[in-house]
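Student: Model the following, please.
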Amino acid sequence: MTATFDPDALECLAAIVEEGGFERAAQRLSITQSAVSQRLRALEAQVGTVLLVRSRPIKPTPAGQLLIKHAKMMRLLRADLEHDLRDLAPTLARRPRDEGRISVAINADSIASWALPAVTPLVRDGVPLEIIHDDQDFTHEWLREGQVMGCVTSLAQPLRGCRLEPLGRMAYVAVASPAFAAAALEGRLTRHNFHRVPFVAFNRKDDLQRDFVCQTFGLPQVVLQQCYVPSSEGQVRAALAGWGVTVVPRLVAGPALQAGTLVDVAPGSAYAVPLYWHCWNLDSDVLTRLTHALRDAAATLLEPMA
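Tutor: Here you go, the predicted structure:
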């Protein structure tokens, strides 16, 4: 006989993990912290095992991950139902449900360039979207752990129970301010001077700057001087301020390149990162609309797959 789990208890479990603690979960759900604890204890008693690791941050156990994934599947069903009901009853008011958010992981470069315009129509239509950002090599892990329902990633290997859609190739360009390029690089980046200048990377997990240099100059491995600014737009602003060289999406650097406030310091390079959309393989109107929106925008703004 299949167990029936209390939807409020499942949402409570998900909220504790998403918000990082019992107090913030209580605030989000508009209940007391004691009620949060009671719902969690009742759910753990029903399952017969611990569902959370009381660490910092709080993490779900394997059983907790399964139940959180189930809670998010129920969110999709609710979102689909509310959308279908609005089609049948157009006067039905949209009810904000913070606990019903649809979580996806998208790499920061896509957020800064093409992904937000793609999903804007869904948000305007009432889909309670939550975008989690990470490096394109790591968004896959959010989906693997069941913390999101879909992800944009550079990894082409599909996960069990998920479907995969190629999106396109994001083109990158190495840029610097004209003054920095002239003074530090004599106009352009070469295999002989790259090690003398600082590169502005996204964070310590970001290998993109090194990968760009390796591919551009045919080197197996390099060591770079790096500083870190955790946003694509911030990397561009750092380059404008003369911090050094940064490799960012051409879509993001385009306006500054056209204005002449940044220059391409490796004009012969053709570096691009393939991107893929992974999502749960469910018959969901919301996931289907989200997939189509990302695919159509990528087809317009990204380079085609090789």
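
Student: Residue 306 contacts residue 169, doesn't it?
Tutor: Yes: Residue 306 is in contact with residue 169 according to Cβ atoms under 8 Å; the separation is 7.0 Å. No exception for glycine: its C-beta is placed from N, CA and C like everyone else's.

Student: Quickly list what's touching both of the two.
Tutor: Common contacts of residue 306 and residue 169, defined by Cβ atoms under 8 Å, 6 or more residues apart in numbering, comprise residue 274.

Student: which one of those two has more residues nearby?
Tutor: Remark: of residue 306 and residue 169, residue 169 carries more neighbours, 19 against 6, as counted by other Cβ atoms under 10 Å.

Student: you'd agree the more buried one is in a helix?
Tutor: No: per DSSP: H, G, I helix; E, B strand; the rest coil, residue 169 lies outside any helix segment and is strand.

Student: Any idea what it is bridged to?
Tutor: Beta-bridge pairing of residue 169, defined through DSSP bridges, involves residue 274, residue 303.

Student: From residue 299, how far off is it?
Tutor: Separation of residue 169 from residue 299 (Cβ to Cβ, to the nearest Å) stands at 12 Å.

Student: same deal with residue 170?
Tutor: 13 Å.

Student: which of these two has more neighbours?
Tutor: Higher neighbour count among residue 170 and residue 299: residue 170, with 26 against 11, using other Cβ under 10 Å.

Student: Residue 247 is in contact with the more buried one, correct?
Tutor: No: contact criterion Cβ under 8 Å: residue 170 and residue 247 do not qualify, at 11.3 Å.

Student: Where does pLDDT dip in the stretch 201-306 of the chain?
Tutor: Scanning the stretch 201-306 of the chain for pLDDT under 70 picks out nothing.

Student: So which residues of it form helices?
Tutor: Secondary structure of the stretch 201-306 of the chain, counting by DSSP state H, counting those that start in this stretch: helices at 208-217, 232-240, 250-259, 285-301.

Student: want to throw the ones you listed into JSON lines with distance to residue 68?
Tutor: Output for the helices of the stretch 201-306 of the chain, formatted as JSON lines (distance: least, Cβ to Cβ, whole Å):
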{"stretch": "helix 208-217", "distance to residue 68": "31"}
{"stretch": "helix 232-240", "distance to residue 68": "30"}
{"stretch": "helix 250-259", "distance to residue 68": "33"}
{"stretch": "helix 285-301", "distance to residue 68": "17"}
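
Student: can you count the residues close to the nearest residue to residue 214 once chain neighbours are set aside?
Tutor: Excluding the flanking residues, the one nearest residue 214 by Cβ to Cβ, 6 or more residues apart in numbering is residue 222, at 5.8 Å. By other Cβ under 10 Å, 15 other residues sit near residue 222.

Student: Kindly report the same for residue 54.
Tutor: Using other Cβ under 10 Å: residue 54 sits among 9 other residues.

Student: How about residue 39?
Tutor: With other Cβ under 10 Å as criterion, residue 39 counts 22.

Student: That one is in what secondary structure piece?
Tutor: With secondary structure defined by DSSP states H and E, residue 39 is part of helix 33-47.

Student: cool, residue 75 as well?
Tutor: helix 62-88.

Student: can you give me the mean pLDDT across that helix?
Tutor: Averaging pLDDT along helix 62-88 gives 77.

Student: Now do the contacts for residue 248.
Tutor: Counting by Cβ under 8 Å, 6+ apart, residue 248 has contacts 109, 172-173, 175, 232, 235-236, 239.

Student: what does the helix or strand hosting residue 184 rub up against?
Tutor: Assessed by DSSP H and E, residue 184 sits inside helix 178-185. With contact meaning Cβ under 8 Å, 6+ apart, helix 178-185 is reached by 176, 187-188, 193, 196-197, 239, 242, 244-245, 260-263, 265.
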